[in-house]
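Peer 1: sequence unknown, structure follows:
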């Protein structure tokens, strides 16, 4: 897909990423490093927890979702620069989940002070093959307008 | 610290985590796996980007912050179970940043239907040694009340 500039997007545009399998091995490795809690690390402890079985860290689901969006979702010319994010995890990510993300552009706000940029709000869901939603996200991204090529009338006059 | 139950917290309670150094090596490893964009992976490309230098993925900052809270911030008896989160990154995390998190309890809402649990809203900031705020977060956590020991009057009557 061609790189996207602010001018290329419209409210309602939709994108769908490739898929990613979240293995038990990866769940344990991520949690061991960044979210070392028993329900993310140990099957037996997880069985007796609120999650009733091993669950990925929500931050792991968020990181995998970001990878999907960066590599196959939204080819923004100047990169995905997040200003703010809201997320929730309606159900726990389980070992072996194969997820993709579905993205919708919900709002576009050109900057009032800087005409070369604006904020784009997207909503995206991280979904399993059986349609279970593992993460709901709303993110506001900073985007830039397509750089204009100098035209003859822009040339210095003297 | 003793494990915390819902009954142990009050609005205004504050906690401060240990510190964590975010190295360039870890920034590159995290970004390579979960946020492979040039400004997180390549110093030269980053210098010419919006970030004007190598910056950690915001999701990396979020993951490190979670580690700090789990290991030294908030020893919740039943674990940190996030229902929803809002976050923003006021400044980019840089290689060599040594960060900690400062947590404040802002709201406590007992469940109306299930007396053994409630939602606790916390605000936390991820801060460098020089006071720069790398991440601002508001999170709603599910917590449980301290299990009561059966008293003689709870014994079955017949």
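Peer 2: Yep, that arrived. As the structure is a computational prediction, the values presented were derived from the model and not from experiment. Numbers count the residues shown, from 1 in each chain, chains lettered A, B, ... in the order given.

Peer 1: mind listing what's buried in the helix or strand hosting residue A:126?
Peer 2: Assigned by DSSP states H and E, residue A:126 belongs to strand A:117-128. By 16 or more other C-beta atoms under 10 Å in any protein chain shown, the buried positions in strand A:117-128 come out as A:117, A:118, A:119, A:120, A:121, A:122, A:124, A:125, A:126, A:127, A:128. Where C-beta positions appear, they are placed from N, C-alpha and C, glycine not excepted.

Peer 1: which one of these sits closest to chain B?
Peer 2: Here the nearest of the buried residues of strand A:117-128 to chain B, counting by C-beta to the nearest C-beta, is residue A:117; it sits at 9.4 Å.

Peer 1: and that closest one, how far from residue A:46?
Peer 2: 44 Å (C-beta to C-beta, to the nearest Å).

Peer 1: next: residue A:121.
Peer 2: Noted for residue A:121: a distance of 35 Å to residue A:46, by C-beta to C-beta.

Peer 1: and what of residue A:22?
Peer 2: Distance from residue A:22 to residue A:46, counting by C-beta to C-beta: 15 Å.

Peer 1: which one of the two has more residues nearby?
Peer 2: Between residue A:22 and residue A:46, residue A:22 has the larger neighbour count (other C-beta atoms under 10 Å in any protein chain shown), namely 22 against 19.

Peer 1: so the more buried one sits against residue A:64, correct?
Peer 2: Yes: under the criterion of C-beta atoms under 8 Å, residue A:22 makes contact with residue A:64 at 6.0 Å.

Peer 1: next secondary structure after the longest helix along chain A?
Peer 2: With secondary structure taken from DSSP state H, chain A has its longest helix at helix A:58-72. Next helix or strand after helix A:58-72 toward the C-terminus (DSSP H and E): strand A:81-88.

Peer 1: pretty sure residue A:17 contacts residue A:70?
Peer 2: No: in this structure residue A:17 lies outside contact range of residue A:70 using C-beta under 8 Å: 9.2 Å.

Peer 1: any idea what sits nearest residue A:40, other than its immediate chain neighbours?
Peer 2: In space, and not counting its chain neighbours, residue A:40 is closest to residue A:31: 3.5 Å by C-beta to C-beta, 6 or more residues apart in numbering or on different chains.

Peer 1: now for that neighbour, how many residues are close by?
Peer 2: Around residue A:31 there are 25 residues (other C-beta under 10 Å).

Peer 1: so which strand or helix has it?
Peer 2: In the assignment (DSSP H and E), residue A:31 maps to helix A:24-34.

Peer 1: if we go by neighbour counts, what in that helix is buried?
Peer 2: Buried-residue list, helix A:24-34, by 16+ other C-beta under 10 Å: A:26, A:27, A:28, A:30, A:31, A:33, A:34.

Peer 1: again, but for stretch A:80-98
Peer 2: Across stretch A:80-98, burial judged by 16+ other C-beta under 10 Å covers A:80-82, A:84-89, A:92-95, A:97.

Peer 1: turn the residues you listed into JSON lines, columns for distance to chain B.
Peer 2: Below are those laid out as JSON lines (distance: C-beta to the nearest C-beta, whole Å):
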{"residue": "A:80", "distance to chain B": "7"}
{"residue": "A:81", "distance to chain B": "6"}
{"residue": "A:82", "distance to chain B": "5"}
{"residue": "A:84", "distance to chain B": "4"}
{"residue": "A:85", "distance to chain B": "5"}
{"residue": "A:86", "distance to chain B": "5"}
{"residue": "A:87", "distance to chain B": "5"}
{"residue": "A:88", "distance to chain B": "4"}
{"residue": "A:89", "distance to chain B": "7"}
{"residue": "A:92", "distance to chain B": "10"}
{"residue": "A:93", "distance to chain B": "13"}
{"residue": "A:94", "distance to chain B": "16"}
{"residue": "A:95", "distance to chain B": "18"}
{"residue": "A:97", "distance to chain B": "16"}
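
Peer 1: tabulate the residues you listed (a markdown table), appending pLDDT.
Peer 2: As requested, the buried residues of stretch A:80-98 are exported to a markdown table (pLDDT from 0 to 100):
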| residue | pLDDT |
| --- | --- |
| A:80 | 95 |
| A:81 | 94 |
| A:82 | 93 |
| A:84 | 94 |
| A:85 | 98 |
| A:86 | 98 |
| A:87 | 97 |
| A:88 | 97 |
| A:89 | 97 |
| A:92 | 97 |
| A:93 | 98 |
| A:94 | 98 |
| A:95 | 98 |
| A:97 | 98 |
